[in-house]
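> Here's a sequence, model it:
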Amino acid sequence: MRDFFLLDPSITFLNHGSFGACPKDVFEAQCRWQLEMERNPVDFLGRRSAELLAQARERLGTLLNARKDDIVFVPNATTGVNVVAQSFSLRPGDEVLTTDLEYGACDAAWQQACKKRGASYRRIAIPLPYERETVVERLMSAVTPHTRMIYVSHITSTTALILPVAEIVAAASERNIATFIDGAHAPGHIDLNLDAIGADFYVGNCHKWLCAPKGAAFLHSKPEHHEMLDATVISWGYAKGTDGHPGFDAYLGETLFERRLQWQGTRDISAWLTVPAAIDFQRTHDWSSVRTRCHALAAQALEVLTRRHGLQAISRDNDWMQMTVIPVPAQDPEALRRRLYDESRIEVPVTIHQGWVFVRISVQGYNTQEDIDRLLAAPALQ
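Numbering: from 1, shown residues only. Now for the predicted structure:
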């Protein structure tokens, strides 16, 4: 499957989790959309874009088991987190509860939003090794009368763990606490049913594991929250029906959710329109089987390297899918990353959490047994 992608063949690429990688067919589909836009930008953006985006959201909604009218495209998951963090009503003394496993940029977004309102952002430690069965109780035992929101990742970034988000949402709902799931790594990585999860808000990237172009992500919100959400950039969607402005429905869309969040000035929407091509690519290539093969390759690397260094895996086999972290002896993580790249041409991140140092391996459809063998043979990991 390596030939289906555009990756440099001189690199052993085991870092799909950071930015993804786009297949040739999907990249070419984006180029076709860009060419069509440039042939008549006014027609494409000014008269056709809302309908084209609605069609793309329909395809994405089918994949996610969600209504298209509850989904808007955003450039990345971090943008979606900022939309909710800046819009959600918080008063002095209120609290947003989370774990210590969250993505740093989104921690920062919540910390700033809470600081401006006099609220607090409280992180609950999830000990390693990871015990999935204890996560809900740990979070719920930390709830106070001031807890207004629980924000957690579906798949954590630094530690690559799948959290029990449906159970967290159910427990929070019983306590009338809002929930926001950061699914940056989830679409295309694991099966998703947003209706079954039931979170108030869910954000996900399409450019990572779904293999869409960079700049394709989505924000999902329950309908009762649409009116509260404000875009990070205020544009024509807020002018509809005021001061004589017609509202430009052709590119703003028809619903309040679309009008506020879909159009934030002129930008290239081709990545969003290419999401259906990414969905088609994975369906054509039986992606469920691809995931299973990738998991097996990653599990092999995890088993060999933990045994070699006499270390313990931090989770069980069903706590991750195509991305996992391999503990290595304590050392400078950036120095190890540089050695792996400079000496062995292996592109892989080295992360650190709770004093553990990890090689975070992402195995995607383009990876082979030879890639795993090169990682295992790397002098830096001997």
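> How about residues contacting the host helix or strand of Ile279?
Using DSSP states H and E, Ile279 falls within helix 275-284. Surrounding helix 275-284, the residues in contact under the criterion CB atoms under 8 Å, 6 or more residues apart in numbering are 4, 22-23, 25-26, 29-30, 55-56, 59-60, 63, 73, 188, 206, 210-213, 216, 290. Placement of C-beta: from N, CA and C, glycine included.
> Give me the subset of those that lies in helices.
25-26, 29-30, 55-56, 59-60, 63, 290 (DSSP state H).
> which of those sit farthest apart?
Of all pairs drawn from these, the one with the longest distance (CB to CB) is Gln55 and Val290, at 26.1 Å.
> between the two, which one's more packed in?
Set side by side, Gln55 and Val290 show more neighbours around Val290, with 18 against 13, by other CB atoms under 10 Å.
> how close does Val96 sit to Met228?
15 Å (CB to CB, to the nearest Å).
> okay, Tyr151: pLDDT?
pLDDT recorded at Tyr151 is 98.
> ok, how many other residues are close to it?
The local packing of Tyr151 (other CB under 10 Å) involves 25 other residues.
> what do you get for the one 3 residues further on?
His154 is flanked by 26 other residues according to other CB under 10 Å.
> I'd say it and Ile181 touch.
Yes: assessed by CB atoms under 8 Å, His154 is found in contact with Ile181 at 5.3 Å.
> So for those two, which residues contact both of them?
In contact with both His154 and Ile181: Val165, using CB under 8 Å, 6+ apart.
> Which pLDDT value belongs to Val136?
pLDDT, Val136: 98.
> Who are the contact partners of it?
Contacts of Val136 (CB under 8 Å, 6+ apart): 164, 167-168, 171.
> Now rank the residues you listed by neighbours and give me the top one.
Most surrounded of these: other CB under 10 Å gives Ile168, at 23 neighbours.
> Okay, it and Asn193: tell me how far apart.
15 Å.
> coming back round to it: now a ChimeraX select for only the buried ones of the ones in helices among the contacts of helix 275-284.
A single ChimeraX command selects the buried members of the ones in helices among the contacts of helix 275-284 (16 or more other CB atoms under 10 Å):
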select :26,29,30,56,59,60,63,290
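> just so I have it, where are all the helices in the stretch 201-350 of the chain?
249-252, 256-261, 270-273, 275-284, 287-309, 333-344 (DSSP state H, counting those that start in this stretch).
> Tell me which of those helices is the most buried.
helix 270-273 (a mean of 25; mean count of other CB atoms under 10 Å).
> picking that back up, out of the contacts of Val136, list just those in helices.
167-168, 171.
> what's the span of stretch 41-50 from first residue to last?
Start and end residues of stretch 41-50 are separated by 14 Å (CA to CA, to the nearest Å).
> Return the set of buried residues in it.
Across stretch 41-50, burial judged by 16+ other CB under 10 Å covers 44-45, 48-50.
> doesn't Met321 make contact with Arg291?
Yes: using CB under 8 Å, Arg291 is in contact with Met321, at 6.2 Å.
> between the two, what contacts are shared?
Common contact partners of Arg291 and Met321 (CB under 8 Å, 6+ apart): His189.
> how near is Leu6 to Glu174?
Leu6 is 47 Å from Glu174, by CB to CB.
> dump the residue contacts of His226.
Shown in contact with His226 (CB under 8 Å, 6+ apart): 70, 255-257.
> Can you tell me which of these is nearest His220?
Looking across those and measuring by CB to CB, the closest to His220 is Asp70, at 5.6 Å.
> what about the residue nearest to Ser157 when sequence neighbours are not counted, neighbour count?
Residue nearest to Ser157 in three dimensions, not counting chain neighbours: Tyr103, with 4.5 Å by CB to CB, 6 or more residues apart in numbering. Close neighbours of Tyr103, defined as other CB under 10 Å, add up to 18.
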